[in-house]
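# Sharing a model prediction with you, sequence too.
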Amino acid sequence: MPIKTTTREQYAKRLDKVALYLADHLDDTLDIHRLAEEAHLSPYHFHRVYVAMVGETVAETAKRLRLQRAALKLITTASPVAKLAGEAGYASVQAFHRAFRAAHGIPPGAFRKRGEELDLAAGIARGLHPSQRKPEPDMYQVTIQDVPARHVAAMEYRGDYTQIGPTFERLSIWAAGKGLMGPDTRMFGIYYDDPASMPTAQLRADACVTVPEGFKGEGAVKVEETPSGKCAVIVHTGPYSELHRAYDWLYREWLPKSGEAPGDQPCFEEYLNDPRQVPPSKLETAIRIPLK
């Protein structure tokens with residue numbers, strides 16, 4: 001359908017704006033929120049869209065562009081290699097040599113002596129356009145749902161998302177002690193960051209359990225509401241360690257073809273069965289992406 005092509009092209013144009021901004025600000029500290037503004041995307045979802053379509057993280061793009069800028073200066077200026085290494089963000093000339101050789105096949109000195117006129121602008125443009133991956137078959141059935149907010153008690157978590165399990169265990173023990181664990185109790189995880197966008201130790205998430213209206217938090221347990229409204233929803237069956245594949249498919253394949261845009265709320269998950277009662281291959285997780 002034409003709308004699908006147009007939507008993919010719209011996402012490509014948004015990321016082109018990010019590419020131009022990066023190229024003009026290579027010496028600045030990367031700011032995901034500022035880049036999200038350039039792309040007119042929510043900061044909760046921008047980096048997932050970027051990685052899915054471009055095929056590399058923003059940090060990897062910036063690193064590659066700095067190397068390409070250094071290559072251009074090698075053949076157009078007399079700047080010392082040590083200076084170019086520093087401008088490219090490398091702490092030592094040796095590290096710069098290794099990265100440059102890996103990117104261009106020869107060390108900086110040999111590159112300068114050869115004096116080849118490379119079409120760097122075209123190379124940058126090719127690398128910054130959304131990746132031309134072959135479309136994958138539909139891996140999941142996506143439904144658009146109006147999701148209500150849930151009143152939850154939450155424990156904050158920082159770190160590797162794959163290691164959040166003990167936080168859920170502590171939350172469950174606390175909830176059981178309060179008489180909150182029953183047949184209608186539901187468990188959610190709210191994930192505020194893209195793991196590829198920042199150091200693992202800085203990743204933020206909340207482990208959540210539903211509680212009655214009016215329930216008050218205490219100590220390390222706060223009370224909040226889950227994201228709500230229009231959401232894209234899929235159910236992933238399998239180990240939690242494979243959930244990243246579902247996210248990648250949603251952002252790379254489904255979203256650009258859907259005619260939808262991510263909203264300004266974080267992704268969240270609902271855990272539909274108990275990992276203590278079923279094998280990892282049978283775990284069911286509802287992934288919800290808020291939409292505009």
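Done, it's in.
# Could you list the low-confidence segments of the protein?
Low-confidence segments of the chain, defined by pLDDT under 70: 1-6, 115-138.
# can you give me the strands in it?
Taking DSSP state E as the test, the strands found in the chain are 143-147, 151-158, 187-191, 204-210, 221-225, 229-237, 267-271, 284-290.
# closest to Arg66 out of those strands?
When these are compared by CB to CB, strand 204-210 sits nearest Arg66, at 28.4 Å. Just so you know, the C-beta spots here come from the backbone N, C-alpha and C atoms, and that holds for glycine as well.
# picking up where we left off before, redo the strands of the chain as CSV? Include mean neighbour count and distance to Pro166.
Below are the strands of the chain laid out as CSV (neighbours: other CB atoms under 10 Å; distance: least, CB to CB, whole Å):
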stretch, mean neighbour count, distance to Pro166
strand 143-147, 12, 27
strand 151-158, 19, 9
strand 187-191, 21, 13
strand 204-210, 22, 9
strand 221-225, 16, 15
strand 229-237, 17, 22
strand 267-271, 21, 15
strand 284-290, 20, 18
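# residues contacting the closest residue to Glu269 other than its chain neighbours?
Among residues not flanking Glu269 along the chain, Gly189 sits closest, at 4.6 Å (CB to CB, 6 or more residues apart in numbering). Shown in contact with Gly189 (CB atoms under 8 Å, 6 or more residues apart in numbering): Ile164, Phe168, Ala205, Asp206, Ala207, Cys208, Phe268, Glu269, Tyr271.
# ditto for Met181
Ser172, Ala175, Val209.
# any chance of the residues you listed in a markdown table, with distance to Leu35 too?
Converted to a markdown table, the contacts of Met181 look like this (distance: CB to CB, whole Å):
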| residue | distance to Leu35 |
| --- | --- |
| Ser172 | 38 |
| Ala175 | 38 |
| Val209 | 34 |
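# Pick the one among these closest to Val51.
The closest of the contacts of Met181, once distances to Val51 are taken by CB to CB, is Val209, at 30.7 Å.
# give the contact list for that closest one.
Val152, Ala153, Ala154, Leu171, Ser172, Ala175, Leu180, Met181, Thr185, Arg186, Met187, Phe188.
# Look at the fifth one and say how many residues are nearby.
Read that as Ser172. Ser172 is flanked by 18 other residues according to other CB atoms under 10 Å.
# Next, the contact list for it, please.
By CB under 8 Å, 6+ apart, the neighbours of Ser172 are Met181, Met187, Val209.
# and Ser92, what are its phi and psi?
Reported as degrees, to the nearest 10, the phi and psi values for Ser92 are phi -140, psi 160.
# and the gap between it and Thr200?
25 Å (CB to CB, to the nearest Å).
# Can you pull the domain assignment for the protein?
Domain assignment for the chain by automatic domain parsing gives 2-128, 143-290.
# Kind regards, and thank you for your time.
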